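Asker: could you work out the structure for the sequence below:
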Amino acid sequence: MDKKLLIGLGLSVVTGGVAVLGLFAFKTVRKFKVKRERKQLKRLIKKHLNGNEKALAIVDGLSNFEIRILFKIVEKATEKISDIKLPAALSDKISSIAEG
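Answerer: The predicted model follows:
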């Protein structure tokens with residue numbers, strides 16, 4: 001076989017392997033992030049909703065995409081709350097609830 005052909009095949013195999021590894025790493029990181037966010041959401045429900053079983057069942061039924069969207073909403077709300085001027089006691093209580 002030609003040297004150039006072997007080098008080309010080798011480079012394409014290496015490139016494909018790196019792409020598969022990158023995809024695997026991305027999916028693994030995302031999976032653990034969603035798992036952590038789901039646990040955090042359950043802790044918030046147990047703390048602020050007194051462990052409401054229906055709310056916990058709803059969280060169990062949410063897809064990973066819905067969990068990510070819910071946390072984006074919580075992050076945006078936390079940012080907006082910091083921009084609003086509220087009395088100190090109310091502001092502290094709201095920020096403690098938002099942070100968990």
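
Asker: can you pull out the helices in the chain?
Answerer: Secondary structure of the chain, counting by DSSP state H: helices at 3-48, 53-61, 64-83, 88-99.

Asker: next one: phi and psi at Asn52?
Answerer: Backbone torsions of Asn52, given as degrees, to the nearest 10, read phi -60, psi 120.

Asker: tell me how far it lies from Leu70.
Answerer: For Asn52, the distance to Leu70 equals 16 Å [Cβ to Cβ, to the nearest Å]. C-beta here means a position set from N, CA and C on the backbone, and glycine is covered the same way.

Asker: okay, now Leu41: neighbour count?
Answerer: By other Cβ atoms under 10 Å, 20 other residues sit near Leu41.

Asker: contacts only, for the closest residue to it other than its chain neighbours.
Answerer: In this structure, Leu41 finds its nearest non-sequential neighbour in Val59, 5.4 Å apart by Cβ to Cβ, 6 or more residues apart in numbering. The neighbourhood of Val59, defined by Cβ atoms under 8 Å, 6 or more residues apart in numbering, consists of 38, 41-42, 45, 67.
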